[in-house]
Each structure stands twice: as structure tokens, then as C-alpha cells.
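1. Have a look at this fold, sequence not included:
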């Protein structure tokens, strides 16, 4: 708990000076509750009441367990940028202490909090931009996309990170000069998908593959799963002219990945072709791995948050509560996922709620 206290102890308390419950203790109880599957502030209060004896082993709780109103007030008033900075400080210290490398493929993608809308605004819920270290399987940062402008939110979150040794991946929405420049400025490289809406740049990339020229190629056939088999073929060509002709910072190569799927007993689908701009020349085999790894942010972060932490169903929507609770969910996910027990995440959550020893082990894992 020392690292947690060091990272979050400097967090400004937005409440009045006569607040009865210590801010750090409120956050610890909330985190412990989320490790056990709590989804709302009412769940956190119920958890605290049922586990008060256990919590008093390492918390003072001078004024007892906070009520659900107290949890709600704290998360509504906490300044989300300060809370996010504390989260990043903790995760950096946590990764260093446990030997997790936060380099390699780092995926950037947006996610809507479907339940975080006010009356009449169901079509425009809160939108976040997430950053995910694929190899470590850890959430690194998040940023609110003001006005649901995901491109602006992505640029803001990149400014918060050190990307030395990282290859940043993103979908075609982020294939912009500004995004590429931000990645390079923070010390990283990029592999960005590009589509036809990029006009002349996309035309230049596709025409290069249509012409003859030196290129490297690799093929990969995925093992058959769910009666489906996929064959993928990657081609990489050097191109340093994109940076000068189209002002695309750091571009040194272009890539193409052609995939073809076939269901058992059916004809193969038509080939699907994707194009990429690269700031670092890599082998086609490496390109296949990097582009495949990008989907880890969907499968290992967004899907898990919705299924195991009910993020899309959460109706917290007032003030800063949606952002702050989203940060807390990512913290709980990182801790559970890196716990050495080999059980599934679903089983870890249930066991934490049932087994006090396991919950204490998960909390002490933060040391």
C-alpha cells in the first residue's frame, strides 16, 4: 500500500476542510470494492459495511465506513486530470516494482461510456480515449474527448506519456500529421492505418504498391478457430518521400496487409486489404504482429471493462464521476490482471469477494 499512498497521497481533496472521512481511505475502500465486483457507489458502501472488520486491519476508519453519498460526492468532485496523473504515477511505480515492461505495442482507441448520458442525450454519451500497453496487458492512461472529438482527445493523452521504445498503433481516424508528430515528439514510433479519406496521401501509398519496386513479404495462416481460418499476407516497402511531399512527420515506409477468411464448408471471402504508414522500417512478419496486436485494446480492455466491470451499463453521469470511476475501474483491472494467480478474471473477482485472504493478497500486490 505504500506505493498507492505515495501516488495518491498528494491528490487534492476537493471537499470542505471539515470532511469526516480521509480521502485516501475512501479511495482504498472504493478500490477494494471494485476488486470484488462493485459497480456503483452504493455497492462500495455495502461492501464497506460487510467487510469493515477486514478493512480496519489496515485502515483507521475513525468515522466508520463512508456512506454511498460520500463515495458519490468524492468521485463527482475529484479533479479528473489530477486523479489520472496519480493513476499514471502509481502504474509506473507498480510496473517497475513488478518488472512489467510498458514498451512494445501501445494501442490508442476511443470508447464511449454508453450509460454516461444525461436525460435526452442518449445518442451522445461521454467519450474517452484509452491507451493500452498490449504486451503488458495494462491500461496506461485515459483522456476525456471533449465534445466527443476523439482526435483532439488522442493528442491530449499522448502529451501525458513517455513513448520511448513504443510502437503506437491507431485506426485510420488518427492517421494525421498532428498525431504522427505527437508520437515522434514523445519518443515513439507509429504504425497508422490509412484509408481513402486521406486523399493524395492514400493515393500515393496505394500507387507505390501498384508499381514494381523492392519489397519484403511474409504470410501467416491463423490456426482454425470457431470453424474459421484466416490467411494474412504483409508487404513492406521503404518510402522516405512521404515526409517531404505530404508533410507526414517521420514516415519512412508503407505497409499493406491482405487478409482472407474462410468458414468451414464455404468459399473464402473476398480479400480485405489494409494500408499503413510506418515511422520505422520493420519486417513484414513484425508488421503482421503489430497490426494484430492493436486489437488487444478492444479484446483485452474495452470488452473486459464492459463484461466484467459493467462499464457500459454504469449510469454515473454527474460532474466528474464518470471519468473518475472509469479510472478506478482501470486500476482495479490492472491489479487483478497482474495478480500471479492463474485463474480467469471472472474467477478472481468472485474469489476476492468470497475470500478475505485473496482480497488482502490482491491489495498487498500493490506494494
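-> Alright, I've got the coordinates. It should be emphasised that the depicted structure is a prediction, and the values quoted were computed from it without experimental measurement. Numbers count the residues shown, from 1 in each chain.
2. I'd like the mean pLDDT over stretch 305-321, please.
-> Throughout stretch 305-321, pLDDT has a mean value of 96.
3. Run through who's touching it.
-> With contacts defined as Cβ atoms under 8 Å, 6 or more residues apart in numbering, stretch 305-321 is touched by 34, 39-41, 72, 75-80, 111-118, 126, 322, 325-326, 329-330, 332-333, 345-346, 349. All C-beta atoms are positioned from the backbone trio N, CA, C, and that covers glycine.
4. ok, 6 Å please
-> Contact with stretch 305-321 is made by 39, 75-76, 78, 80, 114-116, 118, 322, 325, 329, 345, as judged by Cβ atoms under 6 Å, 6 or more residues apart in numbering.
5. In strands, which of these fall?
-> Nothing among the contacts of stretch 305-321 maps onto strands, per DSSP state E.
6. Mind picking the one among those that's closest to residue 101?
-> residue 345 (21.2 Å; Cβ to Cβ).
7. Could you check how far residue 165 is from residue 186?
-> 11 Å (Cβ to Cβ, to the nearest Å).
8. Of the two, which one has the most company?
-> The neighbour comparison of residue 165 against residue 186 (other Cβ atoms under 10 Å) goes to residue 186, with 16 against 13.
9. pretty sure the more buried one contacts residue 163?
-> Yes - the criterion here is Cβ atoms under 6 Å, and residue 186 meets it with residue 163 at 4.2 Å.
10. Look up the residues forming beta bridges with residue 256.
-> residue 235, residue 275 (DSSP bridges).
11. With residue 139 instead?
-> Applying DSSP bridges, one finds that residue 139 bridges with residue 132.
12. Quick check: it touching residue 330?
-> Yes - here residue 139 reaches residue 330: they are 4.0 Å apart, a contact under Cβ under 6 Å.
13. Tell me where this protein has strands.
-> Using DSSP E, strands in the chain cover 104-113, 126-133, 138-144, 166-170, 189-194, 216-221, 228-238, 253-263, 272-278.
14. neighbouring strands for the fifth one, and are they parallel or not?
-> When you say that, I think you mean strand 189-194. By DSSP bridges, strand 189-194 pairs with strand 166-170 (parallel), strand 272-278 (antiparallel).
15. Deepest-packed of these, please.
-> strand 166-170 (a mean of 26; mean count of other Cβ atoms under 10 Å).
16. Good, we can wrap up now.
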